[in-house]
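Q: quick one: sequence plus predicted model below, questions after.
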Amino acid sequence: MKRPQITNVKTGSELKRWYWLKKELVDFCKKTKINYSGSKFTILSRLANAIDHPTRIAANSTAIKKIKKRKSNVWSGTILTLDTVITDRYTNGANTRKFFMEKCGNKFHFSIPFMAYMKNNVGKTLRDAVGEWERIQIQLKDKNFESKIPEGNQYNQYIRDFFKDNPGLTLKDARHFWSLKRSLPSERHKYEQKDLALKSKK
């Protein structure tokens, strides 16, 4: 069974059976004027609801209002200090990168756990953020430490689970079976041992 065009999906349950990139969901929301804020699965659920209840969504003006990204000069145009408070408009950029490289060293980069910290800790300061970066680096030195992968990042979770079950295979193998898996309908595209029996469709 081939994945349908997203514009041809007739029910919310059908939409949820297939793997979609977040960009595909966001683009569809933009075309249909549906709120596209939030995580990938939040957007997916909102779209599924819109497909199943088109009149209900249309009647709710706040649900279909297009979200405009607001830029904040605090993060792009001012001098940042350790006492700068993290706001809900925080964005990664050249200004924030410069600040963190000065405080954390040239090896600083916007890792997934660090970006999650910045998103979920509004009200704390950049001093707290620097401390969190240092804590993350200590964790990474622990061979038994395993970072948490965000729910929406199905690819990374699949690759990690694949190697846990198949340590002798390669990244090329993992990507191959992920490609086959994501082409199939499923509620959640997670690794299963039976995936190794999947074959490419000619």
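A: Yep, that arrived.

Q: switch to C-alpha atoms for all contacts and neighbour counts from now on
A: OK.

Q: does S200 count as helix, strand or coil?
A: The assignment at S200 comes out as coil when based on DSSP: H, G, I helix; E, B strand; the rest coil.

Q: how about the helices in this protein?
A: Here the chain has its helices, by DSSP state H, at 12-17, 22-32, 40-52, 54-59, 61-64, 73-76, 94-104, 112-120, 126-140, 154-165, 171-182.

Q: need these in a markdown table (columns: mean pLDDT, distance to I6 and mean neighbour count).
A: A markdown table is the format used below for those (pLDDT from 0 to 100; distance: least, Cα to Cα, whole Å; neighbours: other Cα atoms under 10 Å):
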| stretch | mean pLDDT | distance to I6 | mean neighbour count |
| --- | --- | --- | --- |
| helix 12-17 | 92 | 8 | 18 |
| helix 22-32 | 91 | 8 | 15 |
| helix 40-52 | 90 | 11 | 18 |
| helix 54-59 | 59 | 16 | 13 |
| helix 61-64 | 42 | 18 | 15 |
| helix 73-76 | 73 | 36 | 16 |
| helix 94-104 | 95 | 36 | 16 |
| helix 112-120 | 87 | 29 | 15 |
| helix 126-140 | 93 | 39 | 15 |
| helix 154-165 | 92 | 19 | 17 |
| helix 171-182 | 94 | 15 | 16 |
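
Q: so who does the nearest residue to Y90 once chain neighbours are set aside touch?
A: Once flanking residues are discounted, Y90 sits nearest to W75: 6.5 Å by Cα to Cα, 6 or more residues apart in numbering. Counting by Cα atoms under 8 Å, 6 or more residues apart in numbering, W75 makes contact with Y90, T91, N92, G93, N95, T96.

Q: nearest residue to the spatially most central residue of the chain other than its sequence neighbours?
A: For the chain, G152 is the residue whose C-alpha lies nearest the centre (Cα atoms, centre = their mean; 4.6 Å). Leaving out its chain neighbours, the residue that sits closest to G152 by Cα to Cα, 6+ apart is K40, at 5.6 Å.

Q: quick one: contacts for the one you found?
A: Contacts of K40 by Cα under 8 Å, 6+ apart are K22, L25, G152.

Q: hmm, back to that, show me the one of the helices of the chain that comes nearest Q193.
A: For the helices of the chain, the distance to Q193 is smallest for helix 154-165, at 7.5 Å, taking Cα to Cα.

Q: thanks again, I'm all set now.
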